[in-house]
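J.: have a look; sequence and predicted model below, questions after that.
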Protein chains: 2
Amino acid sequence: MNKKSVSRLSHYRKVLLRLNELGFDRIFSDTLGEEAGVTAAQVRKDFSIFGISGNKRGGYIIADLIARLDDILKKRTVTRVIIVGAGNLGKALMHYPGFRRDSIEISAVFDIDPTKISRKADVPVLPLEEVGEFIAAHGIDIAIIAVPDVAAQRVFDILQRAGIRGILNFTTMTFKDNEDVVVNNVYLQFELENLIYFTAEKPA
Amino acid sequence: MNKKSVSRLSHYRKVLLRLNELGFDRIFSDTLGEEAGVTAAQVRKDFSIFGISGNKRGGYIIADLIARLDDILKKRTVTRVIIVGAGNLGKALMHYPGFRRDSIEISAVFDIDPTKISRKADVPVLPLEEVGEFIAAHGIDIAIIAVPDVAAQRVFDILQRAGIRGILNFTTMTFKDNEDVVVNNVYLQFELENLIYFTAEKPA
DNA sequence: TAGATTGTTAATCGATTAACAATC
DNA sequence: TAGATTGTTAATCGATTAACAATC
């Protein structure tokens, strides 16, 4: 229902995996909230939205909760994702350990620079021209855009035409909202500028 | 006043720099909103919060707007930032072109792995033990945490003790809110999981 | 002047939190 | 049973949008 509550489910899941590893079996909404940085009411509300229930008085069974969240967040099957842009950021994301561990696989990276192509690598780096073909052949739904701003719109158009349904955008460009494509933006630079603003001492 | 509106100011600024480059001098709230992906009312409201005014009927003069935003966002002086964690992500952020271009300088990167240290590099990679000393010597206020989750709390404690005032956190750990430290979280994995959720076809 | 756009106030919308009845 | 915690509804809070008077 709510975009933010889905991301919080991811966060709860991460906390629960850690607690599970530490040998805990049960948890209460207030403990889970504390670990995830939200209120107990928020936790229960989020669970209620997705029909997740616990035991009055007994809290939640961690293993059951993880199983339920795995279903909701599609963790039972591997989701294949591609990256466009084999620069520093694209390459870092290619090997991001948090993805593989949680059923997200980077299937390939695409770039226009011929010197960056390496078809035989663990995660292949392929020419951008092949992206449509690859998407169709591998049934890819989600792409990460990690190219310079100037190339963003062109890449977006290509991906959209290729039938991509979701995009994680690391550029500062905005794309016209489209029925068929969901775009989540990660504005790294703006996050840092935000921090600069809020940590600057206010002039007296 | 509002956290999100500060980030939108960054976004407006980015759009304006681009339009300025293209030779435009004036802009209206609806055009700027469209470029930044928000409504015209949002643009005017944000400007109103920060006391930015334009001309009834004549819109805004782009150069003036950029100057005003540069002041608010502290773009007149270079802000020095450090990164903790010289893994793939830390190294990618070290060379992120968007930072330098907008008066953000990565002064140094810190890591516990001795094989990663390189004191003579363009951006030096130093042992984590030296971080407190470095922060004090260079008057650093802001740090980026790009370490594995297990190390996050320890790094946070060290940074807090060293007097850091703002943290951009790339781990999935949450830190207890503190009067003295502002924390912005970038949950890369959760953003992707969010996309997976919203692009998955709903079961019939 | 007529027309268009800002700046701000009021209305709406949505998300978070508080509160408490249900119940284990 | 008494006590504690869930699940949900209602209250609150905050942010976005609509509307329109001011004015260039």
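T.: Perfect, thanks for sending it. Numbers count the residues shown, from 1 in each chain, chains lettered A, B, ... in the order given.
J.: please name the nearest non-neighbouring residue to residue A:80.
T.: In space, and not counting its chain neighbours, residue A:80 is closest to residue A:107: 4.4 Å by C-beta to C-beta, 6 or more residues apart in numbering or on different chains. Where you see a C-beta, it was placed from the backbone N, CA and C, and this is true even at glycine.
J.: what about the one you found, which SS state?
T.: Three-state call for residue A:107 (DSSP: H, G, I helix; E, B strand; the rest coil): strand.
J.: pick out the residue in chain A sitting closest to DNA strand D.
T.: Using C-beta to the nearest atom of the strand, the closest approach of chain A to DNA strand D is made by residue A:53 at 2.8 Å.
J.: contacting residues for that residue?
T.: For residue A:53, the contact set (C-beta atoms under 8 Å, 6 or more residues apart in numbering or on different chains) comprises residue A:47.
J.: hang on, the earlier thing: gap between the residue nearest to residue A:80 and residue A:128?
T.: Plainly put, residue A:107 is 15 Å away from residue A:128 if you go by C-beta to C-beta, to the nearest Å.
J.: cool, and residue A:103?
T.: Going from residue A:103 to residue A:128 by C-beta to C-beta gives 27 Å.
J.: so which of these two has more stuff around it?
T.: More neighbours surround residue A:128 than the other of residue A:103 and residue A:128, with 19 against 16 (other C-beta atoms under 10 Å in any protein chain shown).
J.: surely the more buried one and residue A:110 touch.
T.: Yes. Judged on C-beta atoms under 8 Å, residue A:128 makes contact with residue A:110 at a distance of 4.8 Å.
J.: helices or strands up against the longest helix along chain A?
T.: Determined from DSSP state H, the single longest helix within chain A is helix A:3-21. If contacts are counted by 3 or more C-beta pairs under 8 Å, 6 or more residues apart in numbering or on different chains; DSSP states H and E, helix A:3-21 sits against helix A:29-36, helix A:40-49, helix A:62-72, helix B:188-199.
J.: now with 10 Å, please.
T.: Packing partners of helix A:3-21 (3 or more C-beta pairs under 10 Å, 6 or more residues apart in numbering or on different chains; DSSP states H and E): strand A:26-27, helix A:29-36, helix A:40-49, helix A:62-72, strand A:182-185, helix B:149-161, helix B:188-199.
J.: so does the third one get close to DNA strand D?
T.: Yes. For a cut-off given as C-beta under 7 Å from any atom of the strand, helix A:40-49 has contacts with DNA strand D, namely A:40-41, A:44-45, A:47-48.
J.: now the angle from that helix to helix A:62-72?
T.: 60 degrees (axes from the mean of the first three to the mean of the last three C-alpha atoms, to 10 degrees).
J.: buried sites along helix A:40-49?
T.: For helix A:40-49, the neighbour count (16 or more other C-beta atoms under 10 Å in any protein chain shown) marks A:42-44, A:46-47 as buried.
J.: got it, and the second one?
T.: Burial within helix A:29-36, assessed by neighbour count using 16+ other C-beta under 10 Å, is assigned to A:29, A:31-36.
J.: from those, pick the one nearest DNA strand C.
T.: Closest to DNA strand C, out of all of the buried residues of helix A:29-36 and judged by C-beta to the nearest atom of the strand, is residue A:33, at 8.4 Å.
J.: for residue A:87, which non-adjacent residue is spatially closest?
T.: Residue A:87 sits nearest to residue A:146 (C-beta to C-beta, 6+ apart), 6.5 Å away.
J.: gap between that neighbour and residue A:71?
T.: 30 Å.
J.: try residue A:153
T.: Distance of residue A:153 to residue A:71, computed by C-beta to C-beta: 36 Å.
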